[in-house]
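Novice: just coords:
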């Protein structure tokens, strides 16, 4: 039985680690929040008293952390994972969504490391249907693939170190922009007294078709599984979308890429967060826009 370390047992990491346990792996987890540790034990996992102790005997170690500063600290800080490797180091896989610069810097210090951010939200993490966007060596990708398969169904090797993060922020910038477009269409439909279900049926079969419409429709009714039917309880919170759009704009600034719609999307989600809506699903942008008139958006 392969031994796996997993650091970060929160909303995403917890279900991911649980799927590794269900696949038959011996998974030792760690989290700074006790509730995450308790949940991991409840599904049959083991826990460690420190992050560094998860690597003992591990073939592969996953991290799922909030931001780049946490990734640097866990890997490069005093008593961090890389310092704890004495002889044979495990393959490290960071599934956090962070800046490309940090991903490349940490990978440059490791013997073998992949950046592998995910798409699919908490629902995908729980169902084991995540998309993994992977940067790093071909050999590392080959070694990690069976573990990815236990947690996801679409696994793409995007290129060398940092390529996974680059793919993630490009994808989520596109998602943020497209969700605003879909939301605006329904806002206008509402003001024009056009039935939501009729617009959905027309657009889903026409040129307006996209994931934000047909899988994650931001209005109640047309897609029963969308957060709009659960008072916008987050599958992917506004705060997380703002984080990803901010990372995309930081990257765009660094390489002088023109992304005006991405920049505007970031400002809209920033305004939502400032209004206290950071915990709502990002598709709540429909309701937020609908509550405003034409002159109510800066």
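Specialist: Here it is on my side, so go on. Worth saying up front: this structure is predicted, and the values here are computed from it rather than measured.

Novice: per-domain residue ranges of the chain.
Specialist: 3-160, 166-290 (automatic domain parsing).

Novice: Quick one: closest of the ones you listed to residue 297.
Specialist: domain 166-290 (7.2 Å; Cβ to Cβ). Where you see a C-beta, it was placed from the backbone N, CA and C, and this is true even at glycine.

Novice: Quick one: end-to-end length of the closest one, please.
Specialist: 33 Å (Cα to Cα, to the nearest Å).

Novice: which residues sit in contact with residue 285?
Specialist: The contact partners of residue 285, by Cβ atoms under 8 Å, 6 or more residues apart in numbering, come to 179-180, 183, 218, 238, 268-269, 272.

Novice: possible to save those as CSV with pLDDT?
Specialist: Output for these, formatted as CSV (pLDDT from 0 to 100):
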residue, pLDDT
179, 98
180, 98
183, 98
218, 98
238, 97
268, 98
269, 98
272, 97
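
Novice: quick check, nearest of the residues you listed to residue 29?
Specialist: Once Cβ to Cβ is applied, the member of these that ends up nearest residue 29 is residue 238, at 27.9 Å.

Novice: give the contact list for that closest one.
Specialist: 269, 272-273, 277-282, 284-285.

Novice: Likewise for residue 251?
Specialist: 99-100, 166, 169, 257.

Novice: Which helix or strand contains it?
Specialist: helix 238-255 (DSSP states H and E).

Novice: Quick one: name whatever helix or strand follows that helix.
Specialist: Criterion used, DSSP H and E; the element after helix 238-255 is helix 260-272.

Novice: who touches that next one?
Specialist: Here helix 260-272 has contacts from 173, 176-177, 180, 238, 241-242, 245-246, 248-249, 252, 278, 280, 282, 284-285, 288, 297-298, using Cβ under 8 Å, 6+ apart.

Novice: strands paired with the lengthiest strand in the chain, and their directions?
Specialist: If you go by DSSP state E, the chain has its longest strand at strand 152-159. Strand 152-159 sits in its sheet next to strand 130-135 (parallel), going by DSSP bridges.
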